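Novice: Need the 3D shape of this:
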Amino acid sequence: SSFILLTLVPLYWVAPGAWILFWSQAAVIAAGAVPVYLFARSRLRSTTVALGFAGAYMVHPAVLGALYENYHPDSYLGLFIPLALWAALERRWGWYAVAVVAALSVKEDVSLVLVPIGIWVMLNRRVRTGVATVLGSVAFMVVAMFVVMRSLIGVPTRNTWRVPFGGPSGFIQTALRDPTQVIDHLRSDGRLWYLWQMLAPVGFVFLRAPGVALISALVLFTNILSTFWYQYQIEYHYSLIAVPAIVMGATWAISAMRSEARRRA
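Specialist: Numbering: from 1, shown residues only. Model prediction:
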């Protein structure tokens, strides 16, 4: 349910061609560095360091992978998710509302990151705004799957096969009956190496204050849980959505350090 693609229709009226897809994808992914920069400049009070974080975002392997893979509407999340995070962290609620609504228009499963953002907002900023984010994201996902998608393809989703052990119910039963099978699954086929690839580019400094970085935990978990090989390979678009909270979480953690010398180091 990628309603965001409607924004490209006027461009196709003027000059139709695949170039519109690739140029728009590069533009929105690059634009995601702007809220990363603004947050780092605000928290660390240095334009130089802020530029470093913007660069770190743009050269993260998952960001470059999404850019080079081919075209996917998910690329818009490379802008809307860091924009939502910046707005939440800086209490810019007008921008926050715009970013959340825009993110929902990209894809129904964006709720995997918007719900954690809503929970963070509920616990750390504004309770009502956080609750509205969680409930709105879940409601949109339900409508997108059970009304829009089912009306088009006959079922809410064709991706339940990606959940191991026979689907959601089988996974829950296995997790309760024999959790070691789930652990073995999560350790198999390079999934832990994928986590290393996602987190190592920021030096794991987010562990100092992991609250913001944890927003990406649900996305990362579903990626390594999936039986779909592409989801736990860093060069594909499934990983892009997790990067903003990881990079901005590193900024958040560094800003929590009391020593100026330690922050600079």
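Novice: all strands in the stretch 151-265 of the chain, in order from the N-terminus.
Specialist: Using DSSP state E, counting those that start in this stretch, no strands are assigned anywhere in the stretch 151-265 of the chain.
Novice: Can I get the helix or strand residue 86 falls within in PDB, CA atoms only?
Specialist: Taking DSSP states H and E as the definition, residue 86 sits inside helix 77-90. Extracted in PDB, the C-alpha atoms of helix 77-90 (Å, rounded to 0.1, in the frame of the first residue of the first chain):
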ATOM      1  CA  LEU A  77      11.600   6.100   4.800                       C
ATOM      2  CA  GLY A  78      15.300   7.200   4.600                       C
ATOM      3  CA  LEU A  79      13.900  10.800   5.000                       C
ATOM      4  CA  PHE A  80      10.600  10.400   6.900                       C
ATOM      5  CA  ILE A  81      12.000   8.200   9.700                       C
ATOM      6  CA  PRO A  82      15.000  10.500  10.600                       C
ATOM      7  CA  LEU A  83      12.600  13.500  10.300                       C
ATOM      8  CA  ALA A  84      10.200  11.900  12.700                       C
ATOM      9  CA  LEU A  85      13.000  11.100  15.100                       C
ATOM     10  CA  TRP A  86      14.400  14.600  15.000                       C
ATOM     11  CA  ALA A  87      11.000  16.100  15.500                       C
ATOM     12  CA  ALA A  88      10.300  13.900  18.500                       C
ATOM     13  CA  LEU A  89      13.700  14.400  20.100                       C
ATOM     14  CA  GLU A  90      13.500  18.200  19.600                       C
END
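Novice: Next, count neighbours for the residue lying closest to residue 236 once chain neighbours are set aside.
Specialist: For residue 236, ignoring the flanking residues on the chain, the nearest one in space by C-beta to C-beta, 6 or more residues apart in numbering is residue 230 at 4.6 Å. No exception for glycine: its C-beta is placed from N, CA and C like everyone else's. Applying other C-beta atoms under 10 Å, we find 14 residues neighbouring residue 230.
Novice: Alright, I will stop here.
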